[in-house]
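Participant: When you get a sec, could you give me coordinates for this:
(one chain, ligands or ions: 1)
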Amino acid sequence: MIVAILGAGPAGMSCANACLSFGLTPVVIELSADIGGIQLGNFHPNLWLLGEPEETGREMSLRMARHFAALPLTCVKQARITAVNGVAGDFNLDYQTPAGEHSLAAHAIVIATGTHPRGTPELLALTAASDRVIIGPLSETIRDDIRQARVLILGGGDNALDHALFLAERDNQVRVCTRRQFSARQPFQDTCNAHPNIELRANCTPDSLSLDDRRIVATWGSIKVRYDWLLAMFGYLPNTDVLTCFAPELRPSLSPSGHIQTDIWQRTTVAGIHAAGDVTETPQPSVPTALAQGLVAARAAESLAL
Ligand SMILES: Cc1cc2nc3c(=O)[nH]c(=O)nc-3n(C[C@H](O)[C@H](O)[C@H](O)COP(=O)(O)OP(=O)(O)OC[C@H]3O[C@@H](n4cnc5c(N)ncnc54)[C@H](O)[C@@H]3O)c2cc1C
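Facilitator: I've put the predicted structure just below:
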């Protein structure tokens with residue numbers, strides 16, 4: 001029984017590994033050139049996965065990717081799904097790679113495509129015009145290049161404050177502005193509030209943002225402040241674009257937040273189509289959650305074969 005798995009992050013890799021142990025044949029289709037998922041860019045220690053307390057997200061991803069690469073399965077990288085048709089037990093997936101067009105017959109499908117950082121049209125226009133405007137936290141520039149600078153971070157969650165601390169400890173002056181109240185974990189808020197290089201401002205979104213040479217100008221009423229860097233950390237949106245390639249009757253229901261809805265078996269509203277990891281509506285997105293959901297999705301796919 002062939003299980004087509006879309007995405008090779010923790011959820012997709014775990015699902016493929018579990019499929020093998022259940023006697024199924026996983027075929028993994030990954031959009032990017034890299035195996036490992038969004039944590040490949042995370043230079044912070046992974047706080048939620050037991051076993052390797054000092055390991056960064058990137059190190060963890062590479063460790064999982066090495067294990068995955070040694071598994072006896074097919075993984076196609078740089079592959080873009082172009083059409084999905086059929087019914088449970090008899091799906092057909094068309095996809096493109098740099099080598100050309102391909103088709104895959106599969107009995108079941110697991111969608112494990114994760115998320116991407118959320119931007120706004122204004123911020124997307126600014127990032128196109130300046131390399132000093134960065135959307136999302138996972139950037140080597142943030143890790144290596146921002147020193148002795150004035151930094152404005154927009155966002156009020158864990159990522160915003162995690163990066164405020166990271167940058168404050170590297171000799172930067174950081175202001176963090178959020179639209180409402182901060183939602184980051186309280187220990188982060190307490191540490192940031194106590195740090196002399198960090199200013200936390202709730203209910204304080206700039207009225208406008210613009211560029212002046214290499215600086216970013218943030219305006220609050222009549223006050224204009226120039227920053228060397230602008231980082232936007234507004235959370236993540238699920239990667240569900242791929243569903244536009246699915247035949248209409250094969251498109252699973254989405255939650256109000258746009259995530260794929262599943263039951264506890266990771267079954268979507270469409271027979272034979274499962275979803276796992278951050279692309280689903282999940283109370284606590286994390287690597288351990290994604291690994292577990294990938295495993296459960298494989299088990300659910302196996303039950304179709306019985
Ligand atoms: C900044 C940050 C810090 C985090 N810190 C931690 C932490 O410390 N500990 C922790 O446990 N979790 C952490 N998380 C959460 C964790 O990264 C996610 O929960 C986990 O990576 C989800 O795994 P996933 O496989 O669902 O998605 P992802 O890791 O996002 O992987 C999805 C994969 O699908 C691929 N893909 C996307 N679209 C398609 C498509 N159309 N076709 C095929 N493939 C596609 C992507 O290229 C990617 O490889 C953090 C997340 C972020 C953003």
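Participant: Go through the helix or strand of the chain with the lowest mean pLDDT and flag the buried ones.
Facilitator: Every helix and strand of the chain was ranked by mean pLDDT, DSSP states H and E. The lowest is helix 140-144, at a mean of 88. Going by neighbour count (16 or more other Cβ atoms under 10 Å), the buried part of helix 140-144 is Ile142, Arg143. All C-beta spots, glycine's among them, are computed from the backbone N, C-alpha and C.
Participant: Determine the number of other residues adjacent to the residue in the stretch 201-306 of the chain that the ligand sits nearest to.
Facilitator: Proximity of the stretch 201-306 of the chain to the ligand (Cβ to the nearest ligand atom) peaks at Gly277, 2.1 Å away. Applying other Cβ atoms under 10 Å, we find 36 residues neighbouring Gly277.
Participant: ok, now Gly57?
Facilitator: For Gly57, the neighbour count with other Cβ under 10 Å is 23.
Participant: Confirm for me that it is in contact with Phe43.
Facilitator: Yes - under the criterion of Cβ atoms under 8 Å, Gly57 makes contact with Phe43 at 7.3 Å.
Participant: Name the nearest residue to the spatially most central residue of the chain, ignoring sequence neighbours.
Facilitator: Note on the chain: the residue nearest the mean C-alpha position is Thr115, at 3.5 Å, using Cα atoms, centre = their mean. Excluding the flanking residues, the one nearest Thr115 by Cβ to Cβ, 6 or more residues apart in numbering is Tyr236, at 3.8 Å.
Participant: Which strand residues bridge that neighbour?
Facilitator: With DSSP bridges as the criterion, Tyr236 is bridged to Pro117.
Participant: Quick check, pLDDT for it.
Facilitator: On pLDDT, Tyr236 comes in at 91.
Participant: doesn't Arg118 make contact with it?
Facilitator: Yes - between Tyr236 and Arg118 a contact is recorded at 6.1 Å, counting by Cβ under 8 Å.
Participant: which of the two has more neighbours?
Facilitator: Tyr236 (18 against 15).
Participant: ok, now which ones touch the more buried one?
Facilitator: Shown in contact with Tyr236 (Cβ atoms under 8 Å, 6 or more residues apart in numbering): Thr115, His116, Pro117, Arg118, Gly136, Asp278.
Participant: again, but for Ser130
Facilitator: With Cβ under 8 Å, 6+ apart, Ser130 has these contacts: Leu211, Arg214, Ile216.
Participant: Mind doing that once more with 7 Å?
Facilitator: Leu211 (Cβ atoms under 7 Å, 6 or more residues apart in numbering).
Participant: what's around the closest residue to the ligand within the stretch 101-250 of the chain, how many residues?
Facilitator: For the stretch 101-250 of the chain and the ligand, the shortest gap (Cβ to the nearest ligand atom) falls at Gly114, measuring 2.2 Å. Gly114 has 25 neighbours, counted by other Cβ under 10 Å.
Participant: pretty sure it contacts Ala275?
Facilitator: No - with contact defined as Cβ atoms under 7 Å, Gly114 does not reach Ala275; the gap is 10.8 Å.
Participant: Just the buried positions in stretch 78-92, please.
Facilitator: Using 16+ other Cβ under 10 Å as the test for burial, stretch 78-92 gives Ala79, Ile81, Val84, Gly86, Phe91.
Participant: er, stretch 38-48 actually
Facilitator: Across stretch 38-48, burial judged by 16+ other Cβ under 10 Å covers Ile38, Gln39, Leu40, Gly41, Asn42, Phe43, His44, Asn46.
Participant: What segments of the stretch 151-300 of the chain are strands?
Facilitator: 173-177, 198-201, 208-212, 215-220, 223-227, 229-232, 236-238, 273-275 (DSSP state E, counting those that start in this stretch).
Participant: Which of these has the highest mean neighbour count?
Facilitator: Scoring the strands of the stretch 151-300 of the chain by mean neighbour count under mean count of other Cβ atoms under 10 Å gives strand 273-275 as the most buried, with a mean of 29.
Participant: what is the mean pLDDT for it?
Facilitator: In this model, strand 273-275 has an average pLDDT of 98.
Participant: Spatially, and excluding backbone neighbours, which residue is closest to the residue of the stretch 201-306 of the chain closest to the ligand.
Facilitator: Ala11 (2.8 Å).
Participant: how would you label that neighbour: helix, strand or coil?
Facilitator: helix (DSSP: H, G, I helix; E, B strand; the rest coil).
Participant: wait, what's in contact with it?
Facilitator: Contacts of Ala11 (Cβ under 7 Å, 6+ apart): Ala112, Ala276, Gly277, Ala290, Gln293, Gly294.
Participant: Good, wrapping up.
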